[in-house]
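Q: predicted model and sequence follow; I will ask about them next.
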Amino acid sequence: MSFQFVTAGNIVFGVGTARGAGKLAAPLGRHALVVTGRDAARAGFLLDSLRQNNVGSTMFSVAGEPSINVVDEGVALAKRERCDLVIGVGGGSALDTGKAIAAMLTNKGPVLDYLEVIGGARPLTQPSAPFIAIPTTAGTGSEVTRNAVLASPKHRVKVSLRNALMLPRIAVVDPELTYDLPPAITASTGLDALTQVIEPYVSCRANPMTDALCVEGMKRGARSLRLAFRNDGNRTAREEMCVVSLFGGLALANAGLGAVHGFAGVIGGMFNAAHGAICAALLAHVMEANIRALRERQADGEALRRYDAVGVFLTGEATATADDGVKWVRQLVCDLKVPGLGKYGLQTRDADEVIEKAAKASSMKANPIVLTTEELRGALEGAIDG
């Protein structure tokens, strides 16, 4: 048995912890580039905390999911303002943008030189500028991962800037920041979080540490996501989903993901759809495709046994099977009113292009079994219809 486990230098979890971010930032730098989502006003608490701790700030707002050009703009702004610290506060887009900017502040050359698949895939050589991640959704787990997912409009795909040198210095996970998330965002981000504790568990790179995180994450997500979606002020459910998201980030950074995310990066680069919504629509269909392929080609393997265990963790029934797990996810997706990918313009005629690009995605390499083109097509077309 041999494995590594890497994560953020310090994880601070708890209600109200984000209000102390300025104190955490002060030892790391004197002027922060604060990267936010579209609604920069949500970072007001952070700006107050930074002022109280004599840390200057420059705002950089990201409207939508990050692209290569957005990162370049952020790096230029940070250099002009002489920022020596980056803080990302928001959903996965803001965190990934901040993470990428922090990396490119200390590494020479354009970001494209370092990107997987479409770029030079050069390894970073210098540690990122100090980066603090403060998530405001419970979904991506980006606060503890070593990569940033960036869109390339030119190539119509999303790819990763990835290196252990990009791990955040500090991750501040404050459930209070998620209390007012609307149901639709709760659903898509929550199903992304659930996917990220299922895929690493069945991954060909799973290890005992990620297993522990995934099992606990699946149990918590199964009992809490519907409650959080109801949006009736259930703070315990919101806190539990923050744990699921955090555990998913820890797991995926160390065990990889699978075909759901292999597809998601491609579809997100081709169509105007949020990452979490794509994962939510794909999850049950990819699970079903994997289980069928495993039964046909690896019936005695560990991965199929793990899918049976997923059924147990999700349903809470000791006799549940892999098929029960798929049924449970299908019902959850229905209950959370998740639309099929056809809503975003994806059609069956796009399948060949999506499959060709997805086959090259790094996440596909961790899928528990290599799926054939027709198996990938079946999962994708099922997700189009919902």
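A: Cool, the structure landed.
Q: in the stretch 1-150 of the chain, what residue spans correspond to strands?
A: 10-13, 31-36, 56-61, 85-90, 131-135, 147-152 (DSSP state E, counting those that start in this stretch).
Q: TSV for those strands, including distance to Glu199 and mean neighbour count?
A: C-beta: built from backbone N, CA, C; applies to glycine. Below are the strands of the stretch 1-150 of the chain laid out as TSV (distance: least, Cβ to Cβ, whole Å; neighbours: other Cβ atoms under 10 Å):
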stretch	distance to Glu199	mean neighbour count
strand 10-13	21	15
strand 31-36	27	27
strand 56-61	31	17
strand 85-90	24	30
strand 131-135	19	30
strand 147-152	15	24
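Q: so which of the ones you listed is nearest Leu250?
A: strand 10-13 (8.7 Å; Cβ to Cβ).
Q: now that closest one: how far from the chain's centre is it?
A: Strand 10-13 has its C-alpha centroid displaced from the chain centroid by 18 Å (Cα atoms, centre = their mean, to the nearest Å).
Q: show me what it is packed against.
A: strand 170-173, helix 235-255 (3 or more Cβ pairs under 8 Å, 6 or more residues apart in numbering; DSSP states H and E).
Q: give me that answer again for 10 Å
A: helix 21-25, strand 131-135, strand 170-173, helix 235-255 (3 or more Cβ pairs under 10 Å, 6 or more residues apart in numbering; DSSP states H and E).
Q: need these in CSV (columns: mean pLDDT and distance to Ala320).
A: Listed next are the helices and strands packed on strand 10-13 as CSV, based on pLDDT from 0 to 100; distance: least, Cβ to Cβ, whole Å:
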stretch, mean pLDDT, distance to Ala320
helix 21-25, 97, 42
strand 131-135, 98, 31
strand 170-173, 98, 30
helix 235-255, 97, 19
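Q: now these in a markdown table, with distance to Ala277?
A: Output for these, formatted as a markdown table (distance: least, Cβ to Cβ, whole Å):
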| stretch | distance to Ala277 |
| --- | --- |
| helix 21-25 | 29 |
| strand 131-135 | 17 |
| strand 170-173 | 22 |
| helix 235-255 | 16 |
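Q: which of these sits most buried?
A: strand 131-135 (a mean of 30; mean count of other Cβ atoms under 10 Å).
Q: list the contacts for Gly221?
A: 138, 190-191, 193-198, 228, 240-241, 243-245, 247-248, 313-314, 332 (Cβ atoms under 10 Å, 6 or more residues apart in numbering).
Q: ditto for Ser160
A: Ser160 touches 96, 100, 114-117, 121, 145-150, 166, 265, 361-363, counting by Cβ under 10 Å, 6+ apart.
Q: again with Thr315
A: Ala222, Thr321, Asp324, Gly325, Lys327, Trp328.
Q: got it, and Asp39?
A: Ser61, Ala63, Gly90, Thr136.
Q: kindly report the same for Glu81.
A: Taking Cβ under 10 Å, 6+ apart, one finds His31, Ala32, Leu33, Gly56, Ser57, Thr58, Phe60 in contact with Glu81.
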